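Engineer: Kindly generate the corresponding structure for this input.
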Amino acid sequence: MAWILLIFAGALEIVWAYYMKQSGGFTKLVPSAITIVTMIASFLLLSFSMRTLPLGTAYAVWTGIGAIGAFLVGAWVLDEQVSALRMLAAVLIVSGLALMKLSSAD
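Structural biologist: Sure, this is the predicted structure:
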């Protein structure tokens, strides 16, 4: 169950990162509100997952999901640049996440 909560926490991190970008530095009400609500929900789910998962594993996976998700949303939704080096970086992050999951006893 902790892994499921952690995956949802990571997904919410992607949502709040996207809406933070859309908020224009917290000058637009709706994107700002979505950012704050999803941030709180993401942190809560992360904290619940940390009841059983090791700190380093939970935090690394949470930030990794957010980083990869934000990279993909930036590329697909916001038309941000995708280079071979950025793709390699994304592959390395995903590899690290897989290794964290494989090394975890939970």
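Engineer: Just give me the residue closest to the centre of this structure.
Structural biologist: Among the residues of the chain, Gly66 comes closest to the average C-alpha position under CA atoms, centre = their mean, at 1.7 Å.
Engineer: give me the low-pLDDT residue ranges for this structure?
Structural biologist: Residues of the chain meeting the criterion pLDDT under 70: 105-106.
Engineer: go again using 90 as the cut-off
Structural biologist: Scanning the chain for pLDDT under 90 picks out the ranges 56-57, 96-106.
Engineer: Which stretches in it count as strands?
Structural biologist: Under the criterion DSSP state E, the chain contains no strands.
Engineer: farthest residue from the center of it?
Structural biologist: Among residues of the chain, the one most distant from the C-alpha centroid is Thr27; the distance is 23.0 Å, by CA atoms, centre = their mean.
Engineer: Pull up the gap between that one and Val37, please.
Structural biologist: As judged by CB to CB, to the nearest Å, Thr27 and Val37 stand 17 Å apart. Any C-beta I mention is one placed from the backbone N, CA and C, and that applies to glycine too.
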